[in-house]
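Colleague: Sequence and computational prediction follow.
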Amino acid sequence: MPRPFNVPELVDEVLANKRPGLARAITLVESTLPAHRPLARELLAALLPHSGNAIRVGLTGVPGAGKSTFTDAMGVRLIDRGHKVAVLAVDPSSSRTGGSILGDRTRMGKLAESDSAFIRPSPSAGHLGGVARATREAMIIVEAAGYDTVIVETVGVGQSEVAVSGMVDTFLMLALTGSGDQLQGIKRGILELADVIAVNKADGDNAGEARVTARDLSIAMKLINDEADGRRTPVLTCSAYTGDGLDDVWKAVVEHRDWVDKTVGLKQYRADQQVDWMWSQIQSAVLDSLRSTPELLKLGHKLEHEVEEQRTSALEASMEFLSTYAKSVPGFEWDPS
């Protein structure tokens, strides 16, 4: 029988950075059981005042970009300078694939051996919203435990980059050599999210091609960056294998965070992220309620068929659905005009 969660005990163990307690605390916030959510909220409320002091970095990149190797090399480098590093993962596919980042953990061998590092594979929440929520809450826990650098790694598919960029101070994208194919393979939306770009594996015979790729990406970023904010996304080269360029990449990460603090204010920047997350949670909860109410679920299926068969328009169908929903919510007035 699983050991019950004792919130005061978990709080003490997290603040003392006891690994078993830290792992159990994250397991609690990852849980999708309704009975665990009040306990998770109690835990987070107690730990929140002790969080917020870490550098939060999001990491993405195309498959094969070397994210895990990069994280391992960068994490060890930071620990050697006195930092404590936590690595969290956002992989909404993990419940179906068995967790690709769990496999990648073996490629963070040096980092995993350090007492100053904590690596947590992606929760298998089954959908991006659940994974993102669990990761945000895990971030509070590891910061309360004293980790001053949090790296949130994404598998780089679909909307996961958007979710990660909304919970970190700086979003770092790893690219590969092969400028033409590389630019074709990177979605414009991902480039728009990037605060720092690093062309990885710039070593050996790849070094020259990496510089060409960095040049091409710099040109692309000139077209994407908003000149009004006075900042251009830096594009650098590095090698997680040799360590070359890693110091420059981290310097760019810190400089971006400092720029945010000077222009917007880091506290305000994070507050804005929390407001966006609040509305995201509200929208998600409302949509879940719409999909789980039997009457509305039945109506939704009926309207889907009618739209598919062109017996009604999408606009008319949405009006009928919302009108029915409004009748089920006391005090909710729906004006289709």
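Modeller: The structure has been received and is ready for your questions. Numbering: from 1, shown residues only.

Colleague: This protein: strands as residue ranges?
Modeller: For the chain, strands defined by DSSP state E occupy the ranges 55-61, 85-90, 117-120, 149-154, 170-175, 196-199, 235-237.

Colleague: need these in JSON lines with mean neighbour count, distance to Arg41 and mean pLDDT, can you?
Modeller: From N, CA and C alone the C-beta is placed, and that goes for glycine too. Formatted as JSON lines, the strands of the chain follow (neighbours: other Cβ atoms under 10 Å; distance: least, Cβ to Cβ, whole Å; pLDDT from 0 to 100):
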{"stretch": "strand 55-61", "mean neighbour count": "24", "distance to Arg41": "21", "mean pLDDT": "94"}
{"stretch": "strand 85-90", "mean neighbour count": "28", "distance to Arg41": "20", "mean pLDDT": "90"}
{"stretch": "strand 117-120", "mean neighbour count": "23", "distance to Arg41": "20", "mean pLDDT": "94"}
{"stretch": "strand 149-154", "mean neighbour count": "26", "distance to Arg41": "21", "mean pLDDT": "93"}
{"stretch": "strand 170-175", "mean neighbour count": "25", "distance to Arg41": "28", "mean pLDDT": "94"}
{"stretch": "strand 196-199", "mean neighbour count": "28", "distance to Arg41": "34", "mean pLDDT": "94"}
{"stretch": "strand 235-237", "mean neighbour count": "23", "distance to Arg41": "41", "mean pLDDT": "95"}
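
Colleague: closest one to Lys298 among those?
Modeller: Comparison of those against Lys298 by Cβ to Cβ identifies strand 85-90 as nearest, at 34.2 Å.

Colleague: Would you format the strands of the chain as JSON lines with distance to Arg211 included?
Modeller: Converted to JSON lines, those look like this (distance: least, Cβ to Cβ, whole Å):
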{"stretch": "strand 55-61", "distance to Arg211": "18"}
{"stretch": "strand 85-90", "distance to Arg211": "29"}
{"stretch": "strand 117-120", "distance to Arg211": "32"}
{"stretch": "strand 149-154", "distance to Arg211": "26"}
{"stretch": "strand 170-175", "distance to Arg211": "12"}
{"stretch": "strand 196-199", "distance to Arg211": "8"}
{"stretch": "strand 235-237", "distance to Arg211": "6"}
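
Colleague: export stretch 222-237 as CSV, just CAs?
Modeller: In CSV, the C-alpha atoms belonging to stretch 222-237 read as follows (Å, rounded to 0.1, in the frame of the first residue of the first chain):
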residue,chain,number,x,y,z
LYS,A,222,17.0,39.9,-38.3
LEU,A,223,13.7,39.4,-40.1
ILE,A,224,11.9,38.0,-37.1
ASN,A,225,13.1,40.2,-34.2
ASP,A,226,11.1,43.2,-33.3
GLU,A,227,13.6,46.1,-33.7
ALA,A,228,11.4,48.2,-31.3
ASP,A,229,12.5,46.3,-28.2
GLY,A,230,16.2,47.1,-29.1
ARG,A,231,17.4,43.5,-28.8
ARG,A,232,18.5,41.0,-31.4
THR,A,233,18.5,37.3,-30.6
PRO,A,234,22.2,36.2,-30.4
VAL,A,235,23.2,33.2,-32.4
LEU,A,236,26.2,31.3,-31.1
THR,A,237,28.1,28.1,-31.8
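
Colleague: before we move on, the earlier item: and the strands of the chain: which comes nearest Leu303?
Modeller: Closest among the strands of the chain, once you apply Cβ to Cβ, is strand 85-90, at 33.2 Å.

Colleague: Show residues contacting that closest one.
Modeller: Identification of contacts with strand 85-90 by Cβ atoms under 8 Å, 6 or more residues apart in numbering yields 54, 71, 75, 78-79, 101, 104, 108, 111, 114, 116-122, 128, 131-132, 135, 138-139, 142-143, 145, 147, 149-155, 160, 163-164.

Colleague: quick one on the thing from earlier: of the strands of the chain, which is nearest Gly208?
Modeller: Closest approach to Gly208 among these (Cβ to Cβ): strand 235-237, 10.1 Å.

Colleague: Give me the distance between that closest one and the centre of its chain.
Modeller: Remark: strand 235-237 is offset 22 Å from the chain centroid, using Cα atoms, centre = their mean, to the nearest Å.

Colleague: Mind giving me the packing neighbours of it?
Modeller: On a contact count with 3 or more Cβ pairs under 8 Å, 6 or more residues apart in numbering; DSSP states H and E, strand 235-237 meets strand 196-199, helix 206-224, helix 246-263.

Colleague: Which one, of the ones you listed, ends up nearest to Val7?
Modeller: Proximity to Val7 (Cβ to Cβ) singles out helix 246-263 among these, at 32.3 Å.

Colleague: ok, and what's touching that closest one?
Modeller: Outside helix 246-263, the residues that touch it by Cβ under 8 Å, 6+ apart are 55, 57, 73-74, 77-78, 169-170, 172, 195-196, 198, 229, 231, 234, 236, 238-240, 266, 269.

Colleague: No more questions from me, cheers.
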